[in-house]
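Asks: My questions are about this predicted structure, shown below with the sequence.
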Amino acid sequence: MKRIYIISGERSGDLHASNLILALKERSPNLVFRGMGGSYSKQAGVELAVDYSEVALMGFLEVVLGFRKVLKYLNLIKSDILQYKPDAIILVDYGGFNMKIARFATQQQISVHYYIPPKVWAWNQKRAYKLKAFTNHIYSILPFEPDFFTRFDLEVHYVGNPLLDEIRKFKPHDFFFQKNELSYQPIIALLPGSRKQEILGMLSRMVDLVSKFPHAQFVVAGVKSLDSSLYFSAQKVGIKVVFDQTYDLLSHATAAVVTSGTATLETALFRVPQIVVYRTSSVSYAIAKNLIKVPFISLVNLIADKLVVKEFIQQDFSVHNLELELRQILSDPVYRGQMLQGYDWIKEKIGDQSASQKTAELVLASLGRVKSN
């Protein structure tokens, strides 16, 4: 029986971690898991030492202010790893925290597997040298990453994107409209994010669009595990919030306004024309602007390596800009068609292999259980 310590630090990472765990168990039922994660990991069979919701922070300023909190949980996890004595550690996304664990695990001579590595190509590219020093195996979900890492003499396995695994499993609810008491007007989906700070920063501005489009219905993708009061700005003007039904919402939407993050790629894979938005504290933004070295913030544009969807960041994230772009998306079939063609190109670049299955094969091969393809 081999013991695996697995760490994820937010909702999407927790989901991808759980799918990887299930794929590993399918091939090697005797593996046991402990670590940090959320409800998805717990349901997949991880004994949680820490629930990530206790640690989660976002934004440069927020992370600085919450440093003591993060340090507390870093020390707790390190102590737990020493007691658990795992045969391998799997780190899933969550770069700032997990890179510190990677260094620690390497010092303890524990094999480190990094699934969804830090986006070092976006800022502080010299972190690639730390990845090389403190990891044994890296599994990438973005098709352009392996070429980037070769500059640092770092071998990275591209395993496909785990969102495809989720979307393949998804089956639309036959009575989505009735279940949520929606009308049959065209749906504009609002995806304000999955973290408290994101929703506080994004949703109120998104909601201001409603009065501009009286012949559409706006519906918010809510997260049930968060405090429902975060969605009050939408609910007070009569906007429906559907909780934990994002894929159902996207499968019925005509267009979407999406907070930059994983959801932009999910929206593209559902072929919903979208507007990408983001706003953070002025201090965090000023720091990010000086550090970030890529021309786009959305995964859609980064994977396509060109502008497929409009991005409205910080001061550009205004009701006026959103209204103009949304009107063009809704009224111009040529414009919509160009965006959908861009989505097709992105899907082709991603490929169709199962990221969870491929990563499980590679992890187990390193443990001497099976041969990888």
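Replies: Okay, I see it. Everything numeric in this text was worked out from a predicted model, so none of it was measured.

Asks: Every contact and neighbour count from this point should use C-alpha atoms.
Replies: Fine.

Asks: OK, contacts around the residue nearest the centre of the chain?
Replies: In the chain, the residue lying closest to the centroid (C-alpha atoms, centre = their mean) is residue 262, at 3.7 Å. Contact analysis of residue 262 by C-alpha atoms under 8 Å, 6 or more residues apart in numbering lists 12, 299.

Asks: Same check on residue 135?
Replies: Going by C-alpha under 8 Å, 6+ apart, residue 135 touches 102, 106, 111-114.

Asks: Redo those as CSV? Include neighbour count.
Replies: Listed next are those as CSV, based on neighbours: other C-alpha atoms under 10 Å:
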residue, neighbour count
102, 26
106, 16
111, 19
112, 23
113, 24
114, 26
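
Asks: Determine which two of the residues you listed are furthest apart.
Replies: Spatially, the most separated pair among those is 106 and 114, at 12.4 Å (C-alpha to C-alpha).

Asks: Could you list the low-confidence segments of the stretch 151-300 of the chain?
Replies: 281-294 (pLDDT under 70).

Asks: Pairing partners for the strand or helix carrying residue 91, with directions?
Replies: Assigned by DSSP states H and E, residue 91 belongs to strand 88-92. Here strand 88-92 has these sheet partners by DSSP bridges: strand 3-8 (parallel), strand 111-115 (parallel).

Asks: That one - what's its average pLDDT?
Replies: The pLDDT scores in strand 88-92 average 98.

Asks: Residues contacting that strand, please?
Replies: Residues contacting strand 88-92 (C-alpha under 8 Å, 6+ apart): 3-9, 13-14, 16-17, 98, 102, 105, 110-117.

Asks: Only the buried members of those residues: can you turn that into a ChimeraX selection?
Replies: In ChimeraX, a selection of the buried entries from these looks like this (16 or more other C-alpha atoms under 10 Å):
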select :3,4,5,6,7,8,9,13,14,16,17,98,102,105,110,111,112,113,114,115,116,117
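
Asks: right, and the helix or strand after the strand holding residue 91?
Replies: helix 95-107.

Asks: where exactly do the strands run in the chain?
Replies: Using DSSP state E, the strands of the chain run over 3-8, 32-37, 46-51, 88-92, 111-115, 137-140, 157-158, 187-191, 217-222, 240-243, 253-259, 274-278, 311-313.

Asks: Relative to residue 365, which of those is closest?
Replies: Closest of these to residue 365 is strand 137-140, at 11.1 Å (criterion: C-alpha to C-alpha).

Asks: Which other helices and strands does that closest one contact?
Replies: Packing contacts for strand 137-140, counted by 3 or more C-alpha pairs under 8 Å, 6 or more residues apart in numbering; DSSP states H and E, involve strand 111-115, strand 157-158.

Asks: any chance of those strands in CSV, plus distance to residue 311?
Replies: Formatted as CSV, the helices and strands packed on strand 137-140 follow (distance: least, C-alpha to C-alpha, whole Å):
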stretch, distance to residue 311
strand 111-115, 27
strand 157-158, 27
